[in-house]
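[1] sequence first, then the predicted structure:
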Amino acid sequence: MIARLIVQTVLWLAGMGAVLFGAAGTLAWPGAWWYLFEMGALGLWIGVWLARYDPALLAERLGSFVQREQSAWDKFFMVCVLVAWCAWLVLMALDAVRFHWSSMHPSLHVVGVLAILVSMVAMRSVFRANSYAAPVVKIQSERGHKVSDSGPYAYVRHPMYAWAILFLVGTPLALGSWVGFFCVPLLVAGLGYRAVLEERMLCERLHGYAEYAARVKYRFVPYLW
């Protein structure tokens with residue numbers, strides 16, 4: 001499992017690096033190197049922890065982003081996410097390095113790095129509370145899928161998406177792109193759309209979820225939404 005984690009992490013980082021540096025037209029981009037290093041280090045840290053704490057969840061998270069058991073709408077959504085993610089990286093590389101459309105104070109790069117760090121560390125509490133936090137929307141019947149309502153799930157119904165918002169905010173700041181930063185609301189809207197569809201499926205197919213959703217009223221941020 002650890003070997004698979006390392007291989008997939010290296011391949012993912014190599015793919016992102018190719019997109020970022022290819023669009024930038026240069027390897028002389030310290031922000032991108034730091035971003036990739038942070039992503040790799042934190043991803044491996046969480047992965048190794050999961051290998052010890054919840055190997056079944058790690059196996060789920062290392063699975064394909066399109067799976068047979070996955071809801072049809074989510075398959076389409078995940079393909080769109082992959083395309084949007086690559087396009088976002090290209091846009092930020094063009095903005096921050098190739099054409100220098102943005103001028104961002106170095107302190108904001110630090111803020112971005114810290115935001116990513118906080119979001120990734122906080123994800124561990126999500127995985128601790130929910131052993132079924134797969135990257136795709138599906139009912140994991142073979143694993144005895146049940147409602148998770150402890151830890152961060154006692155406050156919001158989608159804490160993983162909530163922390164992902166902080167990650168999305170941190171990424172363009174770390175890379176130095178205001179254009180990428182102003183795209184974040186669109187990406188957050190996409191998360192919200194997925195959350196609504198996911199809840200419809202869970203209310204229909206996962207015992208006790210409708211009652212949980214009635215009890216925990218907020219999806220992402222308490223008292224907001």
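    Received the coordinates, thanks.

[2] can you pull out the helices in the chain?
    For the chain, the helices defined by DSSP state H cover 2-24, 30-53, 55-61, 72-93, 106-129, 159-175, 178-182, 184-205, 209-215.

[3] please compute how far the fourth one lies from its chain's middle.
    Average the C-alpha atoms of helix 72-93, do the same for its chain, and the two points are 12 Å apart (Cα atoms, centre = their mean, to the nearest Å).

[4] looking at the chain, which helix or strand is least sure?
    Scoring the helices and strands of the chain by mean pLDDT, DSSP states H and E places helix 55-61 at the bottom, with a mean of 91.

[5] in it, which residues are buried?
    Applying a neighbour-count criterion of 16 or more other Cβ atoms under 10 Å, one finds 57-58, 60-61 buried in helix 55-61. Where you see a C-beta, it was placed from the backbone N, CA and C, and this is true even at glycine.

[6] next one: the residue most central in space within the chain from residue 89, what distance?
    What sits nearest the mean C-alpha location of the chain, by Cα atoms, centre = their mean, is residue 164, with 5.0 Å. Computed as Cβ to Cβ, to the nearest Å, the residue 164 to residue 89 distance reads 16 Å.

[7] ditto for residue 29
    As defined by Cβ to Cβ, residue 29 lies at a distance of 12 Å from residue 89.

[8] higher neighbour count, the two?
    residue 89 (25 against 20; other Cβ atoms under 10 Å).

[9] tell me the contacts of that one?
    Applying Cβ atoms under 8 Å, 6 or more residues apart in numbering to residue 89 gives the contacts 16, 19-20, 23.

[10] please repeat the previous calculation with a cut-off of 7 Å.
    Residue 89 makes contact with 16, 19-20, according to Cβ atoms under 7 Å, 6 or more residues apart in numbering.

[11] any idea how far the residue nearest to the centre of the chain is from residue 223?
    19 Å.

[12] kindly report the same for residue 113.
    Taking Cβ to Cβ, one finds residue 113 at 29 Å from residue 223.

[13] show me the contacts for residue 127.
    50, 54, 57, 133.

[14] which of those tops the neighbour count?
    Neighbour counts for those (other Cβ under 10 Å) peak at residue 50, which has 23 neighbours.

[15] I figured it hits residue 57, correct?
    Yes - with contact defined as Cβ atoms under 7 Å, residue 50 reaches residue 57; the gap is 5.8 Å.

[16] could you measure from the residue nearest to residue 143 when sequence neighbours are not counted over to residue 144?
    Excluding the flanking residues, the one nearest residue 143 by Cβ to Cβ, 6 or more residues apart in numbering is residue 56, at 6.3 Å. Between residue 56 and residue 144 the computed distance is 10 Å (Cβ to Cβ).
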